[in-house]
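Novice: What follows is a protein structure lacking sequence information:
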């Protein structure tokens with residue numbers, strides 16, 4: 001199929017977390033017939049449904065008084081988008097061409113000369129992934145005591161001992177927040193000094209519920225069905241020990257899924273897409289929403305809100321392009 005024969009869509013949405021599917025709901029209701037490339041289950045990034053597919057109960061999404069399981073919530077998002085006419089394909093975008101319009105999007109072999117699809121507008125909602133420890137037990141207990149979001153899950157650990165792994169500002173912010181709920185918070189850091197800013201260090205050290213395990217790394221998350229303890233190794237002496245905790249919060253950083261766009265869109269120093277005036281990127285007609293451009297809040301509700309913004313920005317852009 002030649003480039004001129006590639007199907008041209010009004011809008012293509014890459015990603016299917018809360019941001020992408022909210023954008024799909026709004027653009028579908030605006031009769032723009034969006035195509036959503038939701039990713040592939042085997043992908044390490046931009047997986048279908050986003051990070052909520054890796055969570056258990058979600059209690060802080062408005063409208064669900066008794067909470068809802070993360071995968072169920074994303075299934076509802078998906079069904080709602082399809083109800084209004086969104087077309088969802090379980091494929092991974094492998095290449096984009098943003099220097100000409102309509103924009104080209106490839107799935108499958110990125111070396112083929114012609115794009116699989118073309119679109120007059122593009123919404124990027126590929127999200128970000130939490131960096132993990134990659135130790136035994138971590139993946140199995142993710143959502144069952146292992147978490148990457150204190151704001152999401154801290155409430156579940158009221159009056160329980162927990163650990164936070166990391167040494168930067170994010171780790172100490174998590175620890176301070178979690179100290180409102182937990183009986184104790186142990187910060188585990190591989191070195192004997194923190195990378196966090198002095199003000200964050202001072203706040204954490206002054207908190208009577210927060211303690212530190214220096215020169216330590218987690219070698220295994222222990223437990224059956226839920227976290228029981230962490231296996232630790234001293235990076236100086238090699239000595240091993242166990243830390244009894246009911247929860248482990250991994251706070252060693254996030255990585256936005258922006259590899260597809262690095263040479264074509266403006267990124268921050270930490271790799272997030274730069275947006276302005278709403279969800280506009282530096283390329284007119286290309287919009288970004290959700291965690292791929294949000295390094296601060298990283299919540300399902302804020303991602304969904306920015307997905308709504310992106311859809312409205314797409315509508316305005318397409319209206320202007322046809323005037």
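Specialist: In hand now; what should we look at? No experiment lies behind these values; they were computed from the predicted model shown. Numbering: from 1, shown residues only.

Novice: Which stretches in the chain count as helices?
Specialist: Here the chain has its helices, by DSSP state H, at 18-29, 70-83, 150-153, 169-178, 198-206, 300-322.

Novice: What ranges does the stretch 1-150 of the chain have for its strands?
Specialist: Remark: strands assigned in the stretch 1-150 of the chain by DSSP state E, counting those that start in this stretch are 8-14, 35-37, 57-58, 68-69, 87-89, 93-97, 103-107, 117-124, 128-130, 146-147.

Novice: Against which helices or strands is the last one packed?
Specialist: By that I understand strand 146-147. Packing contacts for strand 146-147, counted by 3 or more C-beta pairs under 8 Å, 6 or more residues apart in numbering; DSSP states H and E, involve strand 247-250. C-beta: built from backbone N, CA, C; applies to glycine.

Novice: for the strand it packs on, the distance to its chain's centre please.
Specialist: 17 Å (C-alpha atoms, centre = their mean, to the nearest Å).

Novice: contacting residues around it?
Specialist: Applying C-beta atoms under 8 Å, 6 or more residues apart in numbering, the contact partners of strand 247-250 are 130-133, 138, 141, 145-150, 153, 156-157, 160, 162-166, 174, 178, 182, 218, 221, 227, 230.

Novice: could you flag which of these are buried?
Specialist: 130, 133, 138, 141, 145-150, 153, 156-157, 160, 162-166, 174, 178, 182, 218, 221, 227, 230 (16 or more other C-beta atoms under 10 Å).

Novice: Can you tell me which helix or strand of this protein has the lowest average pLDDT?
Specialist: Ranked by mean pLDDT, DSSP states H and E, the helix or strand of the chain with the weakest confidence is strand 57-58, at a mean of 80.

Novice: That strand pairs with which strands?
Specialist: Strand 57-58 has the following sheet partners, assigned by DSSP bridges: strand 68-69 (antiparallel).

Novice: just how off-centre is the partner strand within its chain?
Specialist: The answer for strand 68-69 is 17 Å, by C-alpha atoms, centre = their mean.

Novice: now swap in stretch 67-85 and tell me
Specialist: Distance, centroid of stretch 67-85 to centroid of chain: 17 Å (C-alpha atoms, centre = their mean).

Novice: do stretch 120-139 as well
Specialist: Taking the mean C-alpha point of stretch 120-139 and that of its whole chain, the gap between them comes to 5 Å (C-alpha atoms, centre = their mean).

Novice: Which positions within that stretch qualify as buried?
Specialist: Quick answer for stretch 120-139 (16+ other C-beta under 10 Å): 120-130, 133, 135, 137-138.

Novice: Then stretch 110-120?
Specialist: So, applying 16+ other C-beta under 10 Å, buried residues of stretch 110-120: 115-120.

Novice: Please apply the same query to stretch 34-41.
Specialist: By 16+ other C-beta under 10 Å, the buried positions in stretch 34-41 come out as 34-39.

Novice: Just the closest of the residues you listed to residue 66, please.
Specialist: Nearest to residue 66 out of those is residue 38 (C-beta to C-beta; 27.6 Å).

Novice: Bridge partners for the closest residue to residue 7 other than its chain neighbours, pull those for me.
Specialist: Ranked by C-beta to C-beta, 6 or more residues apart in numbering and with sequence neighbours excluded, the top spatial neighbour of residue 7 is residue 117, at 5.6 Å. Taking DSSP bridges as the rule, residue 117 bridges to residue 105.

Novice: Kind regards, and thank you for your time.
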